[in-house]
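> Quick one: sequence plus predicted model below, questions after.
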Amino acid sequence: MQAVIFCGIQASGKTTFYLERFFETHVRISLDLLRTRAREQILLGACLAARQPFVVDNTNPKAADRARYVAPALAAGFEVIGYYFAADARAAFERNRRRPGRAAIPAAGLFGTRKRLEIPRLEEGFTSLSRVEIVEGGGFQVTPWDAAAGEGSS
């Protein structure tokens, strides 16, 4: 079973990536949808108990944010796969500005997340990590962590 954990600033492509790669096979756990940590924990617990593959589609900027999913998933015998969404903050801000209505977040929120962002590390408990970048013209480039250039520098 897979527990997939996304990490990246807002408007870096996380939800679109989920829709393209995991919609048919993994439950989406997202604070944008669930609104509270209590609801999130209920859904996470249900996925773990049912051995249901899931994706955590949140920004998860700090190792401590990711640990709330990594530790229980490992304890339940899940493979924990991390995706780091490397994005230029200004390009993400432009994508965010084009979001309709309440989907757009204030600039301070996006740049604040960027400031707090800790690049994920395998030592956090991930079985594997990949770097994801939006490709000009559409789509994504996914690079396995050991082959990704510049880990820890973005």
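Yep, it's here.
> Quick check: closest non-adjacent residue to residue 71.
residue 125 (6.8 Å; CB to CB, 6 or more residues apart in numbering). C-betas here are computed from N, CA, C, even on glycine.
> Quick one: the helices in this structure, in order.
Under the criterion DSSP state H, the chain contains helices at 14-21, 31-34, 37-50, 63-75, 89-97, 107-116.
> Of all those helices, which one is nearest residue 145?
Distance to residue 145, taken as CB to CB, is lowest for helix 63-75 among the helices of the chain, at 14.3 Å.
> That closest one packs against which elements?
strand 2-7, helix 37-50, strand 79-85 (3 or more CB pairs under 8 Å, 6 or more residues apart in numbering; DSSP states H and E).
> try it again with 6 Å
In terms of contacts (3 or more CB pairs under 6 Å, 6 or more residues apart in numbering; DSSP states H and E), helix 63-75 is packed against strand 2-7, strand 79-85.
> Name every strand pairing with the first one and say which way it goes.
Each strand that strand 2-7 pairs with, and the sense of that pairing, follows from DSSP bridges: strand 54-56 (parallel), strand 79-85 (parallel).
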